[in-house]
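**Q** give me coordinates for this.
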Amino acid sequence: MKSMFYVALAACGFCAQATQTIYDQDTKANRVSDYQYGPVAQIMVPNTSSISYIESIVTLSSVEAQCNEAALYNDTTNSKIADLTVSFPAVYGNIPTGFAQAEKSIRLSCTQGNDSFIVHHKVPAAPTITWSSDVVASGWADNSCVGRDCPTYPGYFSDVQYSAQILVNNNADDGTCSTINHVGQAPDLLPGYQHSTPINSNHFAPSGKAIYDANGGYLVTRIICQNAGGTTVGVEVWDINQRNTQREVHFHTI
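**A** Reported below is the predicted structural model:
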């Protein structure tokens with residue numbers, strides 16, 4: 001009976017060491033996760049993160065808590081993407097190519113007293129931007145200026161109307177977007193949205209008068225959306241001239 005008692009104690013002791021898994025309490029892939037239980041009080045991903053590099057700042061919940069290992073996982077396949085360096089309070093590492101659109105999580109291996117934990121922090125897929133547009137140019141006016149100070153363009157369209165259909169998806173509630181007019185002036189591409197404030201996803205239909213650079217014949221605009229998983233940039237170039245009006249749009253994620 002005594003031997004069975006010691007076996008039971010050993011088995012119970014082993015059970016006490018079973019690893020507990022702690023997930024994001026809000027189940028969302030935002031930059032900050034707060035935890036009410038376990039060795040970690042908070043994990044925060046700063047703006048330095050991208051699709052090729054991840055960094056997080058970890059706040060422990062007590063002096064006896066510690067985290068010695070970390071890795072980045074693909075949440076869809078539950079497979080490891082990369083091991084991360086733990087150098088408190090920072091946890092960081094490089095991300096291989098091919099995971100920009102994957103839902104991921106930082107997983108910390110931690111202890112608190114005699115208990116072991118795996119703490120998860122969700123990392124969203126990088127934002128996506130869908131963007132189509134149309135330009136109608138009318139009212140061609142020849143350049144009738146004579147003299148040294150005259151502009152060099154041969155003529156210009158007096159009226160340029162711009163319209164677009166734009167869908168942004170930040171895959172996170174705290175993602176943000178902004179726009180820039182590089183050449184000329186387009187209507188507000190994200191009407192009704194206060195730039196650089198949190199937005200998850202939305203559809204926009206801007207329209208109105210545009211002002212283009214008649215000297216070069218271009219209207220160039222940019223949309224930037226970012227979250228904890230990366231930044232996606234869309235650049236649209238309209239080439240507006242008397243012979244032909246054509247559009248190019250390019251997207252890249254960093």
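**Q** W238 contacts Y218, correct?
**A** Yes. Using CB atoms under 8 Å, W238 is in contact with Y218, at 6.7 Å. Glycine gets a C-beta too; all of them are placed from N, C-alpha and C.
**Q** touching both of those two, which residues are there?
**A** Taking CB atoms under 8 Å, 6 or more residues apart in numbering as the contact rule, W238 and Y218 both touch Y212.
**Q** list the residues that contact the residue nearest the centre of the chain.
**A** Central residue of the chain (CA atoms, centre = their mean): N227, 2.8 Å from the mean position. Applying CB under 8 Å, 6+ apart to N227 gives the contacts 29, 31, 124, 126-127, 170-172, 174-176.
**Q** tell me the pLDDT of G147.
**A** Note on G147: pLDDT of 62.
**Q** please apply the same query to R247.
**A** So R247 comes in at 98 (pLDDT).
**Q** next: A18.
**A** pLDDT, read off for A18, is 89.
**Q** before we move on, back to that, now do the closest residue to the residue nearest to the centre of the chain other than its chain neighbours against N181, distance only.
**A** Closest residue to N227 apart from its sequence neighbours, by CB to CB, 6 or more residues apart in numbering: G175 at 3.8 Å. Remark: distance between G175 and N181 (CB to CB, to the nearest Å) = 22 Å.
**Q** these two: which is more packed in?
**A** G175 (26 against 15; other CB atoms under 10 Å).
**Q** now that one: phi and psi?
**A** phi -70, psi 160 (degrees, to the nearest 10).
**Q** where does the protein dip in pLDDT?
**A** By pLDDT under 70, the low-scoring segments of the chain are 1-17, 144-153.
**Q** domains for it, by residue range?
**A** 19-123, 128-253 (automatic domain parsing).
**Q** P46 in helix, strand or coil?
**A** Of the three states, P46 takes coil under DSSP: H, G, I helix; E, B strand; the rest coil.
**Q** ok, which stretches of the stretch 1-150 of the chain are helices?
**A** 2-16 (DSSP state H, counting those that start in this stretch).
**Q** in it, which spans are strands?
**A** Assigned strands in the stretch 1-150 of the chain, in chain order: 20-22, 32-34, 40-44, 53-60, 65-74, 79-87, 90-94, 104-112, 115-123, 128-142 (criterion: DSSP state E, counting those that start in this stretch).
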